[in-house]
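Trainee: pasting a predicted model and its sequence here:
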Amino acid sequence: MNSNYIQQQFQVSFAYRVFFTTHLFEPSNDCLAAFLQEQASSHYRKRLLIVADEGVWQSHPHLQQQLPAYFKAIPSMELAHEMIVIPGGEACKNDEALFFRLVDAIDKYAIDRHSFVIGIGGGSLLDLVGFAAAVSHRGVRHIRIPTTVLSQNDSGVGVKNGINYKGKKNFLGSFAPPAAVFNDAHFLTTLDARDWRSGMVEAVKVALIKDAPFFEWMEDQAAALAAGNMEAMQELIYRCAELHLAHIGGAGDPFESGSSRPLDFGHWSGHKLEQLTNFALRHGEAVSIGIALDSVYSYLLGWLDRSSMDRILRVLQQMGLPIYHPLLDMEGQTISPVIKGLEEFREHLGGRLTICLLKAIGQGAEVNEMNVALLQKAAAMLKQMESLKFEV
């Protein structure tokens, strides 16, 4: 039997800017105000709904008065009278009630597709806010104001949003680029040392797979970065964000239709470690261990030389990041609970298992299978190096 069909094909272009500034909401700083004025309509005032991280609210109490005053000075915009403040951190992505609370607020305050939801907080809050915006009215525009190292250099500048479901990280989510991103360095001044350090691992990751000179710069600056040097941190964030954005726009697969995800280097085991520790490990800490594991595995595979492997582990430790966790042990099983996460990662990729490893510092390469025995050997090596306090 013959059949007919009509084929539809189209492309959609996306563009957004990532701004770097400080004291974003000071009256003298028109960075955000100028952007919103560009979006103004001559026919009506667009609405703004703010969703803020409770930790940011507590660390920067002046925002409670500063934000209404700042937006009141923008005549083309109307701020919803309620600013929603919710707990941040990974826990907010595990709370379905919070997700529906945001969707209800978008409805309550008539935030239409030409208005904006503004998220102020770390990567987890921005993931949640972006997902709520993406599924409301089939897509409300959202603005991200990342407040952590991790979100300013990686998650907050990308196109992914999501929440956790059934214990699986980012099981529900969307690809919805932000209207704009505003990185305010002042927010970093109130981070605790653990959050300051853990965010740096995404810069290590992207340098290892794409930019050897950037990694060499981090080797030189590791002590200063770990000690809280703001000038060095701003340079790290800018260069890391630049590399992430270049990959998203230049790799030809911004919405990850395929299984190739080099920016997930170190993440397959990192995601599993987060889940197994009930997110007691920060994302950056878990990914640091994942990078260490895959770097040692690359060495055992014969791809990475011993000197390069040692340099990677040394930088992670100089930054105050972990390289090992007891969950990498087999614990009397035939396989460690972390390594069992390979199959979950394949499902997360939506097809063929594809893992990024290292041929050299600055040169990532992909494989479609992992040798479990070799992974266990890599884990055992890391355990020994951790117990010996690998020389930094």
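Mentor: Everything's here; your move. Numbering: from 1, shown residues only.
Trainee: what does stretch 149-156 contact?
Mentor: 121-123, 126-127, 144, 146, 181, 183, 188, 191, 195-196, 198-200, 202-203, 206, 233, 236-237, 240-241, 244, 283-284 (Cβ atoms under 8 Å, 6 or more residues apart in numbering). To be clear about C-beta, it is placed using only N, CA and C from the backbone, and glycine gets the same treatment.
Trainee: among those residues, which are in helices?
Mentor: Among the contacts of stretch 149-156, the ones falling in helices (DSSP state H) are 123, 126-127, 195-196, 198, 202-203, 206, 233, 236-237, 240-241, 244, 283-284.
Trainee: quick one: the most centrally placed residue in the chain from residue 128, how far?
Mentor: Nearest residue to the geometric centre of the chain (Cα atoms, centre = their mean): residue 155, 2.4 Å. Noted for residue 155: a distance of 12 Å to residue 128, by Cβ to Cβ, to the nearest Å.
Trainee: now the residue nearest to the centre of the chain: phi and psi?
Mentor: phi -60, psi -40 (degrees, to the nearest 10).
Trainee: same question for residue 10.
Mentor: Dihedral pair for residue 10: phi -150, psi 160, per degrees, to the nearest 10.
Trainee: same deal with residue 48?
Mentor: The phi/psi pair for residue 48 (degrees, to the nearest 10) reads phi -130, psi 130.
Trainee: tell me how many other residues surround it.
Mentor: Using other Cβ atoms under 10 Å, residue 48 has 21 neighbouring residues.
Trainee: and residue 6, by the same measure?
Mentor: Residue 6 has 4 neighbours, counted by other Cβ under 10 Å.
Trainee: from residue 183, how far off is it?
Mentor: According to Cβ to Cβ, residue 6 stands 45 Å off from residue 183.
Trainee: with residue 295 instead?
Mentor: With distances taken as Cβ to Cβ, residue 295 is found 28 Å from residue 183.
Trainee: so the two - more neighbours on which side?
Mentor: Taking neighbours as other Cβ under 10 Å, residue 295 and residue 183 compare with residue 295 leading, 28 against 25.
Trainee: isn't there a helix covering that one?
Mentor: Yes. Read with DSSP: H, G, I helix; E, B strand; the rest coil, residue 295 is one of the residues of a helix.
Trainee: ok, for it, nearest residue in space, not its chain neighbours?
Mentor: Nearest residue to residue 295, sequence neighbours excluded (Cβ to Cβ, 6 or more residues apart in numbering): residue 312, at 4.7 Å.
Trainee: what helix or strand is that neighbour on?
Mentor: Taking DSSP states H and E as the definition, one finds residue 312 inside helix 306-318.
Trainee: list the buried residues for that helix?
Mentor: For helix 306-318, burial by neighbour count (16 or more other Cβ atoms under 10 Å) applies to 308-309, 311-318.
Trainee: go on, stretch 270-280?
Mentor: Within stretch 270-280, the residues scored as buried using 16+ other Cβ under 10 Å are 270-276, 279.
Trainee: likewise stretch 180-192?
Mentor: Under the neighbour-count criterion of 16+ other Cβ under 10 Å, stretch 180-192 has 180-185, 187-188, 191 buried.
Trainee: what segments of the stretch 151-300 of the chain are strands?
Mentor: Using DSSP state E, counting those that start in this stretch, the strands of the stretch 151-300 of the chain run over 160-165, 168-175, 180-184.
Trainee: buried deepest among the ones you listed, which one?
Mentor: Among these, the stretch with the highest mean neighbour count (mean count of other Cβ atoms under 10 Å) is strand 180-184, at a mean of 23.
Trainee: mind listing what that one pairs with, with the direction of each?
Mentor: Here strand 180-184 is paired, per DSSP bridges, with strand 17-21 (parallel), strand 141-146 (parallel).
Trainee: gap between residue 230 and residue 185?
Mentor: Distance, residue 230 to residue 185, by Cβ to Cβ: 7 Å.
Trainee: and for residue 69?
Mentor: Counting by Cβ to Cβ, the gap from residue 69 to residue 185 is 22 Å.
Trainee: related to what we said a few turns ago, and the strands of the stretch 151-300 of the chain, which one averages the lowest pLDDT?
Mentor: If you rank the strands of the stretch 151-300 of the chain by mean pLDDT, strand 168-175 sits at the bottom with a mean of 88.
Trainee: report the distance from it to the chain centre.
Mentor: Distance, stretch centre to chain centre, for strand 168-175: 13 Å (Cα atoms, centre = their mean, to the nearest Å).
Trainee: stretch 36-49 now?
Mentor: Centroid displacement of stretch 36-49 relative to its chain, using Cα atoms, centre = their mean, is 29 Å.
Trainee: and that stretch, average pLDDT?
Mentor: Rounded mean pLDDT across stretch 36-49 is 90.
Trainee: how long is that stretch from one end to the other?
Mentor: End-to-end distance of stretch 36-49 (Cα to Cα, to the nearest Å): 13 Å.
Trainee: same check on stretch 296-312?
Mentor: This stretch, stretch 296-312, spans 9 Å end to end (Cα to Cα).
Trainee: list just the nearest of the buried residues of stretch 270-280 to residue 90.
Mentor: The nearest member of these to residue 90, counting by Cβ to Cβ, is residue 279 at 4.1 Å.
Trainee: now that closest one: closest residue in space, sequence neighbours ignored.
Mentor: Nearest residue to residue 279, sequence neighbours excluded (Cβ to Cβ, 6+ apart): residue 90, at 4.1 Å.
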